[in-house]
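Student: 3D model of this:
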Amino acid sequence: MAAPDSGGHVLSREEADRELARLGTEHEAIESSLLALQDHAGRRLLEGTALSGTTRERWAGAERTVSRLWTYYEICTETLETARQLRDRRRSPGRQELLQLTMLLTGRNLPLPEEDGTAARVGWQELVGRINAGYAEVLAVVIAADTVWSALPARIDLLSAELRRLSGLARSAGVRPGEHPAGDELRRVTGELTALRAEVIADPLAFWVPDGGSSAPGGGRPDTTRYDRAARALDDIRREVEAVLGVRRDAEERLMRLRDLLSRADRTLAEARLARGEVLAKIAASEVPAVGGPPGELQEQLTAAAEYRRRAQWHRLSPLLESLEVRAEEELERARASLSAVTTPLAVRAELRGRLDACRARVARLGRDGEPLLAERYAAARRLLWSAPCDLRAAERAVLRYRQAAAEVLVPHQAAGPPAAREGGDRRST
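Tutor: Numbering: from 1, shown residues only. This is a model prediction of the structure:
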């Protein structure tokens, strides 16, 4: 007679004993796993926390699964106990007893209650497979929640502590909501971290990214996107507050430097105005640009900056100083460019005087300065360059005529001189 639902094979006494030992080991492993799951810190937190969202839904399903797992475990326990009692009746069980053992240990004879109230008949291995699958499902929820709770709240708390420290510094620097963009951002990040912590505690699985390539329970990582974004925003706020505090520390020195820059610009413009008057008096037929006055707006802003410093309004002083420093440098450059532009005609006249004197000195060294043409042209050029107002265009033409005449007079003399003198003369320009 074949054993029902056992594949037709009846276990021998030795096979039954080995199967009982194996099933006893599996039963102990199942019990240890379920007890460990029951004592898991993550499971206790899930049971003791007011959950919401994805976590509440998944944990409700996991609790139902845990209840089924204990039911399955009790079926395993009853089956194993029945099999052991049957085996212990006799030292050498008969065929009928071995048949019953075979049906219990290898057949599909274990009653398994279904959710619809019916009962299915399964074998020991199928029941253990269901236990393993359910256990992995519950463990994945527990590990994911516990990992998120272990990682994110502590990091949020550290960031919140840094936020509180930074808020104190910001208040001392006048960086407040409604008065400074960094103050508004500070308030926003504070609200974001408070909300983020509450959401992480209530719904940790909403912040879990599963690892699609892993089959192990709990494979994945916490989603730190919002935390990282808040941390970056806090870094930006910290830099802004430190910049404002730096302004508080260096305000007087920077204000003094600004006053010096604007004073130098004013002096340079005053010098340019004086130079322009001199140019207009000494130079004729030349375009001399007008010299503008110092912009009153910069002085007004400098006065406002000093008032901000006096009132310790560092958050307003910081951007104003940065703008003033740039504009003051630009104003000094503008004044220098203006001075250079108005004094260019004087520089041109000085250059023409230098060319004229250099050419005459060379003619004198060669003993030809008594030539009537050279003397006449030199006198004409000198008269133009040393008269006021000086006509630069006419003076430039006169200097050019003198140098051309000098070249014409000197070339024959150089050709008649010694080779060394001729070579040297060829290298020098009139």
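Student: what's around residue 170, how many residues?
Tutor: Per other C-beta atoms under 10 Å, the neighbour tally for residue 170 reads 26. All C-beta atoms are positioned from the backbone trio N, CA, C, and that covers glycine.
Student: how about it, what does it touch?
Tutor: 176, 182, 183, 186, 237, 241 (C-beta atoms under 8 Å, 6 or more residues apart in numbering).
Student: Look up the pLDDT of it for me, please.
Tutor: Looking at residue 170, its pLDDT is 87.
Student: Neighbours of the closest residue in space to residue 373 that isn't next to it in sequence, how many?
Tutor: Using C-beta to C-beta, 6 or more residues apart in numbering and skipping the chain neighbours, the partner closest in space to residue 373 is residue 405 (5.3 Å). Neighbour count for residue 405, taken as other C-beta under 10 Å: 20.
Student: pretty sure residue 405 is in contact with residue 372, am I right?
Tutor: No: Residue 405 lies out of contact with residue 372 (C-beta atoms under 8 Å); the separation is 10.2 Å.
Student: ok, which stretches of the stretch 1-150 of the chain are helices?
Tutor: 13-39, 41-48, 53-87, 95-106, 124-172 (DSSP state H, counting those that start in this stretch).
Student: mean confidence score for the first one?
Tutor: Translated: helix 13-39. Rounded mean pLDDT across helix 13-39 is 87.
Student: for whichever strand or helix holds the residue nearest to residue 373, packing partners?
Tutor: According to DSSP states H and E, residue 405 maps onto helix 392-416. Where contact means 3 or more C-beta pairs under 8 Å, 6 or more residues apart in numbering; DSSP states H and E, helix 392-416 is packed against helix 314-365, helix 372-385, helix 419-427.
Student: can you pull the buried residues of it?
Tutor: For helix 392-416, the neighbour count (16 or more other C-beta atoms under 10 Å) marks 392, 395-396, 398-399, 401-403, 405-406, 409-410, 414 as buried.
Student: now the angle between helix 372-385 and it, please.
Tutor: Orientation of helix 392-416 against helix 372-385 (axes from the mean of the first three to the mean of the last three C-alpha atoms, to 10 degrees) gives an angle of 150 degrees.
Student: Tell me how far helix 392-416 lies from the chain's centre.
Tutor: 69 Å (C-alpha atoms, centre = their mean, to the nearest Å).
Student: Can you give me the buried ones in stretch 362-375?
Tutor: 362, 363, 369, 371, 374.
Student: for stretch 16-33, that is, sorry about that
Tutor: Those would be 16, 19, 20, 23, 26, 27, 30, 33, for stretch 16-33 by 16+ other C-beta under 10 Å.
Student: now do stretch 84-99
Tutor: 86, 87, 93, 97, 98, 99.
Student: can you dump the C-alpha coordinates of that stretch into CSV?
Tutor: This file holds the C-alpha atoms of stretch 84-99, laid out as CSV (Å, rounded to 0.1, in the frame of the first residue of the first chain):
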residue,chain,number,x,y,z
ARG,A,84,7.6,12.4,17.4
GLN,A,85,4.9,10.9,19.5
LEU,A,86,4.1,8.4,16.8
ARG,A,87,7.8,7.5,16.4
ASP,A,88,8.2,7.1,20.2
ARG,A,89,5.5,4.5,20.5
ARG,A,90,7.9,1.7,19.5
ARG,A,91,11.5,1.1,19.2
SER,A,92,11.0,-0.5,15.8
PRO,A,93,7.8,0.9,14.2
GLY,A,94,5.7,-1.3,12.0
ARG,A,95,4.6,-0.6,8.4
GLN,A,96,1.4,1.1,9.5
GLU,A,97,3.3,3.5,11.7
LEU,A,98,6.0,4.2,9.1
LEU,A,99,3.2,4.9,6.6
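Student: ok, and what's touching it?
Tutor: 1, 3, 10, 11, 12, 13, 16, 17, 20, 100, 101, 104.
Student: Can you tell me the closest non-neighbouring residue to residue 278?
Tutor: residue 346 (7.3 Å).
Student: how close does that neighbour get to residue 227?
Tutor: Residue 346 sits at a distance of 68 Å from residue 227 (criterion: C-beta to C-beta, to the nearest Å).
Student: Among the two, which residue is more densely surrounded?
Tutor: The neighbour count for residue 346 versus residue 227, taken as other C-beta under 10 Å, is higher for residue 227 (21 against 17).
Student: where does the more buried one land in three-state SS?
Tutor: helix (DSSP: H, G, I helix; E, B strand; the rest coil).
Student: Was I right to think it contacts residue 151?
Tutor: No: counting by C-beta under 8 Å, residue 227 stays clear of residue 151, with 9.2 Å between them.
Student: For residue 122, give me its contacts.
Tutor: 108, 110, 112, 130.
Student: Just the buried ones from those?
Tutor: Using 16+ other C-beta under 10 Å as the burial test, the contacts of residue 122 include 108, 110, 112 as buried.
Student: Show me which of the residues you listed is closest to residue 351.
Tutor: Nearest to residue 351 out of those is residue 112 (C-beta to C-beta; 111.0 Å).
Student: Distance-wise, check that closest one relative to residue 121.
Tutor: 7 Å.
Student: how about low-confidence regions in the protein?
Tutor: 1-8, 94, 115-117, 212-218, 285-286, 412-430 (pLDDT under 70).
Student: what helices or strands is the helix or strand containing residue 258 leaning on?
Tutor: Using DSSP H and E, the element containing residue 258 is helix 225-282. Other elements packing on helix 225-282 under the criterion 3+ C-beta pairs under 8 Å, 6+ apart are helix 124-172, helix 181-202, helix 296-310, helix 314-365.
Student: Name every strand pairing with the following helix or strand past that helix and say which way it goes.
Tutor: Sequence-wise, the next helix or strand downstream of helix 225-282 (DSSP H and E) is strand 283-284. Counting by DSSP bridges, the strands paired with strand 283-284 are strand 390-391 (parallel).
Student: got the CA coordinates for stretch 369-385 in CSV?
Tutor: C-alpha atoms of stretch 369-385 as CSV (Å, rounded to 0.1, in the frame of the first residue of the first chain):
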residue,chain,number,x,y,z
ASP,A,369,74.5,123.8,-36.8
GLY,A,370,75.6,127.1,-38.5
GLU,A,371,73.9,126.2,-41.8
PRO,A,372,71.4,129.0,-42.6
LEU,A,373,68.6,126.7,-43.6
LEU,A,374,69.0,124.6,-40.4
ALA,A,375,69.2,127.7,-38.2
GLU,A,376,66.1,129.2,-39.8
ARG,A,377,64.0,126.0,-39.5
TYR,A,378,65.2,125.4,-36.0
ALA,A,379,64.2,128.9,-34.9
ALA,A,380,60.8,128.5,-36.5
ALA,A,381,60.1,125.2,-34.8
ARG,A,382,61.4,126.5,-31.4
ARG,A,383,59.3,129.6,-31.7
LEU,A,384,56.1,127.5,-32.2
LEU,A,385,57.0,125.0,-29.4
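Student: All set, thanks.
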